[in-house]
Structures are given as C-alpha cells and as structure tokens.
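K.L.:
Quick one: sequence plus predicted model below, questions after.
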Amino acid sequence: MGIVNFIIDNILTQASVTIALIAMLGLILQKKSFGQVLSGSLKTMLGFMVLSAGSSIIVGSLTYFGEIFTEGFQMQGIVPSIEAINGQAMNELGLGRDIALTSLAIFVFNILIARFTKWKYIFLTGQAILWMATMTTVFGYVAGLRGLALILTGGFIGGVFAVAMPAIAQPFVRKITGSDDIALGHFCTIGYVFEAGVAKVFGEKGENKKSVEDLELPAQFEFLQDTYLSLMVVMTPLYIITAAFAGEGFASTLSGDTHYLMFAFLQSIQFVVGVYVLLSGVRLLLGEIVPAFRGIAMRLVPNAKPTLDCPVLFPYSPNAVIVGFITTTIGCVIAMFVLPVFGLAMILPGMLTAFFAGGTAGIFGNVVGGLRGAVVGGVAHGFFITLLPALLVTVFNSMGFVNATATDVDTVAAALLYAWLIGPLLKAF
Amino acid sequence: MFGFGKKKEKKPKPEVKEESVVLTAERKEKLTQTISQKRASLEQSAGDEQAKIHEEIGLALFELGEDDQAIDSFEKSIELKKSVGDGYKTLLKLYNRKRAEAAKAKDEKALQVYLNKMDHMMQVSKDVTRGVR
C-alpha cells in the first residue's frame, strides 16, 4: 500500500509523467514495438521539460517588461501570446497534468462526436488542441471545477469546438476552394465568421463585387519569412521604446551593470528565445502523441473529414491574405489605443496572429464582400480579436499570470463561456 | 445570417462531386501526346521552368486518372520550386483521397504517410505566402 501511495503522491502528480503515460497509451494502442513505446514516451516527457524551460525564460522577460511598461505608461501593457499562457498554466500554475488530460479528453470527445453525428470533422492541428485545453482548464479551474469534472467538462467543450468550428467555416471553405473535401481546423474561426459578417454588411454585393485577387499586389513580406525574426521585429522596438519611456532612473534599477536600453534589447531577444524553446518543447511533446491519435481517429471514423491548419486556404486567395494581414494589423493597433479609454488593458499587437488569423480572415472577407468587404471586415476583425482577449485580462491577472493574454479567439470564446455562463451557474447551485 | 440557412437546405444530400467526366478518345490522345512532349522538353530545361513542366505533366496525368503518376510529377515540381498553383491544389486533393482510401483499408502506415504529406503541404503554403525560397 505504501508503494501505491508513493506512486500516486509523488510520481503521478508530476505533469511530465502523466503526459509521457498518455503518449505511451497512444503508442501501445498503435501496437508499436517496446523500443518505440519507450523512446516515444521519453521524448514526450523531454518535450514537457523543454516547454517548461521555455516558459521560465518567457516569464523572466515578461516580468521585466511588465515593470517598465507600468512605469513608463502608468498602465498595464499585455502581450498577446497563447504560448506564454500555456507555458505559465502548465508550469507556474501547476495545471500541466490537467491540461494534458484535457487534451486527451478533447480528442476522445472529438472522435465520439464525429463518429456518432453527421459532423464528420476530425481536428488535425495538435497544437491548437493544446491551446484549447489550456484555456478550458484555466477557466474551468477559476469557475471552481477540479479533478475529473474539470477534465471532462474541458474535454466536452473542446470537443464540441473541434467539430463546430470547422462546421461553421465549411460553407465559406466550400465557396473559397470550390470543393467539399477539405475543412479548416484553426481556432480563430469565430473571428473569420465575424469578418465575413461585417463584409456581408459593408462589402460589395452581386455584380459590383470586385475580388482582391483581381489586383496586382506586391506579394511578399521578407520580415515575415521567419517566425522568430518576425517576433523580434515587433518585440525589440516595443521593449526599447518602453524602456525609454520608463526612463534611465527606473530602468537602470532593473538592468544592473548593463546600459538600460541595451538591457531592454537583450530582454526582448530573451522573449523570442523563450518562445523558440517553448515551441520546440511543444513539437517534441506532440511529435509522438499527435500521429498516434490521428491514426486512431481516422480508423474509428473512416469517412472523417480532416481539418487542416489555416495555410490550406492561402493558395486560393493569396492577395486576400496580404490585405487581411494589413487590415487586421490596423484594427489591432486601433484597438490597442481605444480599449484603455474604456478601462480595459492595453493589448499590444501580435504580428503572427495578425498574419495567420488576419490573412485567413481576409480570405473570408473577400469571398463574401469583395475588396471593400475584406478591407472593412479586416479592420473590424483586428479590433475584435484584440477586444476578446482584453476581456480575459482581469481573470489572468487574478490567477497570477504575468503580463500575457491568449490569442486564438475560439479558445478565448471557450474561456468566456466558462467565465460568463458555467462559472455563474456553478455558483448559483 | 452568414448563409447558414442555405446550407441547411442542401444538407440532406451532400452530393459527392467527383471528377466523373468521361474523357473522349480524342482528349485522351491529346493528353498522352502532351505528356510525352513535355517529358521530352524536360531535359532541355532547368530549375523553375522544369518545375512548371512537371506541374503541367501532373495536371495532364491527373485528368487521365493516373493518380499515382500525377502525385509523382507534382512532388517533383514542388521539390524543385515551391508554388501554390493548380498543381498544389490538385496534389493536396490527391493526398487527401489517398488518405481516405488508407483510412478505409485500415492501412495505418499509408495513413500516416499521407497525413504527414498533408502537413508538409501546409508548410509549403506558409513558405510560399511568406516568400521563403
């Protein structure tokens, strides 16, 4: 009995072990050899540890940024980064095990829904499921759920989103691609449909509709070629300008012997390093689990419609991606200045979200309302995807998250579902 | 709103629209001819041009219903130069078809192969859109 208790209390409580065991289960179900099961499980565990290391780096940098921002601008400046939220939730808050189990539960619910209803969507983007599990776990925890109830509720809600989001996007995807065999699996879909709605109201209609694709646009953004480079392009000026506003007197107290602006520069790079390490961890973590469970899903639901990440739509409307990126960025910047006026936190723009979510939203705007639809819809989309995460900031702060908020709007919507509906209901009964 | 109403009406019968266009003998002849001509011109070309020719061969093979050979040509084309034209779209469609067949046949290995290939296609699309060579 002593041994069993020791295992339960000291080993199974470790998130890295739980995650490795999930991978092990997947690999055993796939009938892999003993060696493959062992190496796969260990790699997954390693992935979790790498993710934790990345998170510590990010937290270090964001703590510094939070201090100089508050000093410089007398308000809170929040960095939108789902990676930072995931890392902090899994480590600093100790929700790693619950998040891992919730990811598994989302997967199971996704398969069940696809198997037994007419919505045959199987969500193939592993990273997105991890982000969703993070948000349902954090906000479920805030709502007062614990243990199995936390995991099953998160699994159910995440599973419903995994099927519902591709389903609501599908009428548009059919129109964009001209076929029905591929679906979109990206947890920014509510934003896309929002942009489509705005484009419908304000865009061009019928024969007057001028597609963005008829225009000649310069097609490339060199600074976006590398994920980490494009992060740096935003973070470095942001840190340096903020440090300058905070002033030498204050910023020097944080920078030790280093010049305070140089220190800000190095800290901004440190943030990028943290994201780099964290995402390498995520890749290692999911590298074994995702193929295993994708294989299982496809066998259990042989007529499944696979949902792919947002670049699946880019080839159908490359100009709209550019217009979407630019207009969404404009919308984000407007929201950045407008939201504090209404007492919300200042959400700094995230280049990568603006590119992927903005680009895809641009395609939706264009297909519904042509060029005008894409432009007006894009700006509205940028505002929308900044507003929703801003609504979460108070909860994140109260839980002890350091200066970050989530990005992908569907995960934010799931979080708001907890905050506005499930939480109050639980408290009422 | 958002055209959901329309979707519901169509829902009961999601018509499976496969390319069941019957090729005329003439068209077949023409395609076969095009393929051999293009294949011959491959040797005199290089780089981007070669990628384009592989793509065109792939499209002709696809029309002939030679899926495996078409995949082979498209893969060669993308390996030479990443692009997201008709070749890309057709290749993704073919991968997805192969994936569905593998899933029906419960062929785990082939299933993983095509799922990974589809992942790779997402990377190609990202790279082309961002201008990575």
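P.N.:
Alright, I've got the coordinates. Quantities reported herein were computed from a predicted structural model and do not represent experimental measurements.
K.L.:
would A:Pro306 count as being in a strand?
P.N.:
Yes. According to DSSP: H, G, I helix; E, B strand; the rest coil, A:Pro306 belongs to a strand.
K.L.:
For it, which non-adjacent residue is spatially closest?
P.N.:
Here the nearest residue to A:Pro306 in space, its sequence neighbours aside, is A:Leu124; by C-beta to C-beta, 6 or more residues apart in numbering or on different chains that works out to 5.3 Å. Backbone N, C-alpha and C define where each C-beta goes, glycine included.
K.L.:
Surely that neighbour touches A:Pro291?
P.N.:
No. In this structure A:Leu124 lies outside contact range of A:Pro291 using C-beta atoms under 8 Å: 10.4 Å.
K.L.:
Looking at these two, which one has more neighbours?
P.N.:
A:Leu124 (25 against 21; other C-beta atoms under 10 Å in any protein chain shown).
K.L.:
For that one, give me its contacts.
P.N.:
A:Gly185, A:Arg294, A:Pro306, A:Thr307, A:Leu308, A:Asp309, B:Leu115, B:Met118 (C-beta atoms under 8 Å, 6 or more residues apart in numbering or on different chains).
K.L.:
just curious, which of those residues is nearest to A:Gly66?
P.N.:
A:Asp309 (31.4 Å; C-beta to C-beta).
K.L.:
Contact partners for the closest one?
P.N.:
Residues near A:Asp309 by C-beta under 8 Å, 6+ apart: A:Leu124, A:Thr125, A:Ala128, A:Gly185, A:His186, B:Met122.
K.L.:
Recalculate using a threshold of 7 Å.
P.N.:
Listed by C-beta atoms under 7 Å, 6 or more residues apart in numbering or on different chains, the contact set of A:Asp309 reads A:Thr125, A:Gly185, A:His186, B:Met122.
K.L.:
Could you check how far the second one is from chain B?
P.N.:
Between A:Gly185 and chain B the distance is 11 Å, computed by C-beta to the nearest C-beta, to the nearest Å.
K.L.:
Skipping adjacent residues, who's closest to that residue in space?
P.N.:
Nearest one to A:Gly185, counting by C-beta to C-beta, 6+ apart, is A:Thr307 at 2.8 Å.
K.L.:
Is the one you found bridged to anything, and to what?
P.N.:
Beta bridges link A:Thr307 to A:Phe123, A:Ala183 when assigned by DSSP bridges.
K.L.:
can you count the residues close to it?
P.N.:
Other residues close to A:Thr307 by other C-beta under 10 Å number 27.
K.L.:
can you pull out the helices in the chain?
P.N.:
Reading this off chain A. Using DSSP state H, the helices found in chain A span residues A:2-6, A:15-29, A:34-73, A:82-90, A:96-116, A:126-143, A:147-177, A:189-202, A:227-255, A:260-300, A:318-338, A:351-399, A:409-417, A:423-428.
K.L.:
Not quite, go with chain B.
P.N.:
Counting by DSSP H, the helices of chain B are B:4-10, B:25-42, B:47-64, B:67-80, B:86-104, B:108-130.
K.L.:
just how off-centre is the last one within its chain?
P.N.:
It refers to helix B:108-130. Centre-to-centre, helix B:108-130 and its host chain are 13 Å apart (C-alpha atoms, centre = their mean, to the nearest Å).
K.L.:
and what of stretch A:124-135?
P.N.:
Relative to its chain's centre, stretch A:124-135 lies at 7 Å (C-alpha atoms, centre = their mean).
K.L.:
before we move on, what about stretch A:194-213?
P.N.:
Distance of stretch A:194-213 from the chain centroid (C-alpha atoms, centre = their mean) equals 28 Å.
K.L.:
now swap in stretch A:292-308 and tell me
P.N.:
Remark: stretch A:292-308 is offset 22 Å from the chain centroid, using C-alpha atoms, centre = their mean.
K.L.:
List the buried residues in that stretch.
P.N.:
Using 16 or more other C-beta atoms under 10 Å in any protein chain shown as the test for burial, stretch A:292-308 gives A:292-299, A:301-302, A:304-308.
K.L.:
The nearest residue to A:Phe187 once chain neighbours are set aside and A:Ile241, how far apart?
P.N.:
In this structure, A:Phe187 finds its nearest non-sequential neighbour in A:Asp410, 3.7 Å apart by C-beta to C-beta, 6+ apart. Going from A:Asp410 to A:Ile241 by C-beta to C-beta, to the nearest Å gives 32 Å.
K.L.:
of these two, who's got more company?
P.N.:
Ranked by neighbour count (other C-beta under 10 Å), A:Asp410 and A:Ile241 place A:Asp410 first, with 24 against 14.
K.L.:
Distance check, that one against chain B.
P.N.:
Per C-beta to the nearest C-beta, A:Asp410 is found 16 Å from chain B.
K.L.:
cool, and A:Val321?
P.N.:
From A:Val321 to chain B the distance is 6 Å (C-beta to the nearest C-beta).
K.L.:
Max pairwise distance over the buried residues of stretch A:292-308: which two?
P.N.:
Most distant of the buried residues of stretch A:292-308, by C-beta to C-beta, are A:Ala292 and A:Lys305, 20.3 Å apart.
K.L.:
so where's the stretch 201-350 of chain A shaky on pLDDT?
P.N.:
When residues are selected by pLDDT under 70, those of the stretch 201-350 of chain A lie in A:218-223.
K.L.:
Up against chain B, what does it have?
P.N.:
Residues of the stretch 201-350 of chain A lying close to chain B by C-beta under 7 Å from any C-beta of the partner chain are A:220-222, A:224-225, A:291, A:294-295, A:298-299, A:302, A:306, A:308-309, A:311-312, A:314-315, A:318, A:321.
K.L.:
switch to 10 Å and redo it
P.N.:
By C-beta under 10 Å from any C-beta of the partner chain, the residues of the stretch 201-350 of chain A that approach chain B are A:219-227, A:230, A:290-292, A:294-306, A:308-316, A:318, A:321-322, A:325.
K.L.:
per-residue confidence for A:Ile8?
P.N.:
For A:Ile8, the model assigns a pLDDT of 76.
K.L.:
what about it, distance to A:Ala15?
P.N.:
For A:Ile8 relative to A:Ala15 (C-beta to C-beta), the value is 14 Å.
K.L.:
between these two, which one's more packed in?
P.N.:
Comparing A:Ile8 with A:Ala15 by other C-beta under 10 Å, the one with more neighbours is A:Ala15, at 23 against 10.
K.L.:
wouldn't the residue nearest to A:Phe187 be in contact with A:Ile129 here?
P.N.:
No. Contact status for A:Asp410 versus A:Ile129: not in contact, 11.3 Å apart, counting by C-beta atoms under 10 Å.
K.L.:
So for these two, which residues contact both of them?
P.N.:
Common contacts of A:Asp410 and A:Ile129 (C-beta atoms under 10 Å, 6 or more residues apart in numbering or on different chains): A:Gly158, A:Phe161, A:Ala162, A:Phe187.
K.L.:
Quick one: neighbours of B:Gln44, just the number.
P.N.:
Around B:Gln44 there are 9 residues (other C-beta under 10 Å).
K.L.:
Ramachandran coordinates for it?
P.N.:
phi -90, psi 0 (degrees, to the nearest 10).
K.L.:
what's the pLDDT at it?
P.N.:
pLDDT for B:Gln44: 86.
K.L.:
try B:Gly3
P.N.:
pLDDT recorded at B:Gly3 is 46.
K.L.:
ok, now the one 4 residues further on?
P.N.:
Among the per-residue scores, B:Lys7 holds a pLDDT of 43.
K.L.:
Check the one 5 residues further on too.
P.N.:
Among the per-residue scores, B:Pro12 holds a pLDDT of 46.
K.L.:
Same question for A:Met75.
P.N.:
90.
K.L.:
Next, the contact list for it, please.
P.N.:
Going by C-beta under 10 Å, 6+ apart, A:Met75 touches A:Phe69, A:Pro340, A:Leu344, A:Ala345, A:Met346.
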